Each structure stands twice: as C-alpha cells, then as structure tokens.
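*Asks:* fold the following and give me the result.
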Amino acid sequence: MPTSRAAAGPTPTSLTARASASGWRTCATPRSRPGSAPSGPPPQSLDPTREAARITRDIAKRLAEVSKRLESKHPPEEGALFLMRCIFIMFAEDVDLLPNGRFTDLLKERLDGPDGFAPMLAELWGNMNAPTTTIAFIPSSASV
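*Replies:* Residues are numbered from 1 along each chain as shown. Just a heads-up that it's a prediction; the model follows:
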C-alpha cells in the first residue's frame, strides 16, 4: 500500500514555512542563520581541557615562585623535597588517604606562630616515614 507524503507527517521545511506564514518566530538562532555573526562564547572557550591547562600553568607558576624563595635560603634539594612532600600530603588529602583539609589547617595555624612550623613538619614527616600504621596524623606539637 503506497503511503503519501502527508501520511508520513510534516517535514522540517513545511513546518518552517507554515510558522513563517503564520507570523510565528522560527527556532533559528543568530548563530545558525547564514551570514550572521556567532553569539555567545567561542566553542574553544568551553573546552574543559583548556581550563585545566590554564589552571596547571597557574599552579606551575606559583610553585616556581615558592621554589625560588626556598632556594634563596636553602639548598635546592631541600626546597624540592619540601615542595614534593607538601604536594604529596595535599594529594593524599584529595584522595582521602589523610583527613581532608587537616594539613591546610595546620599550615594556617602556623601563620601567626611560624616558630613551631619546622618542628611540626619534621615530626609529621617523621611519622609518615615510620613503618607503623597506628600513627595519628596530628603531630604532638600541633595545637588543636
């Protein structure tokens, strides 16, 4: 049994023609109209990999600045080890190996009294290097 075009339903062209003829606005946007300038942000600005790359560059720049400051007062190997350990601890927090935010809290606590900072980190890293699993994250020299 042959089917007619009308039985198959309206086509996009016929709908657009009817909408235009009846005075309805079409669904075409300025971006999709031929000859018009695109509106909104460019598609590449919506790419999440670009944002991730921008954030990575920003972090790398900040780490380089911290590294330069450390190297002005300490041997480069010590500065690199310090940064590596700090980054590891922050990663461990992010993946829930350590209590989330506790290391940052310890750093903030030491802003007003930096004298205890080095001993606190030495104890923390000593505990992390210990072969036992029963060590608490909070160094005994840290105030809670």
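*Asks:* average pLDDT for whatever helix or strand residue 55 lives in?
*Replies:* For residue 55, the element it lies in under DSSP states H and E is helix 48-73. Mean pLDDT, computed over helix 48-73, is 91.
*Asks:* now do the buried residues in it.
*Replies:* Buried residues in helix 48-73, defined by neighbour count with 16 or more other Cβ atoms under 10 Å: residue 70. Bear in mind the C-beta positions are built from the backbone N, C-alpha and C, glycine included.
*Asks:* the helix or strand where residue 124 lies - contacts with which helices or strands?
*Replies:* Taking DSSP H and E as the criterion, residue 124 maps to helix 117-129. Applying 3 or more Cβ pairs under 8 Å, 6 or more residues apart in numbering; DSSP states H and E, one finds that helix 117-129 makes contact with helix 76-94.
*Asks:* if you set the cut-off to 10 Å instead, what comes out?
*Replies:* Helices and strands touching helix 117-129, by 3 or more Cβ pairs under 10 Å, 6 or more residues apart in numbering; DSSP states H and E, are helix 76-94, helix 102-109.
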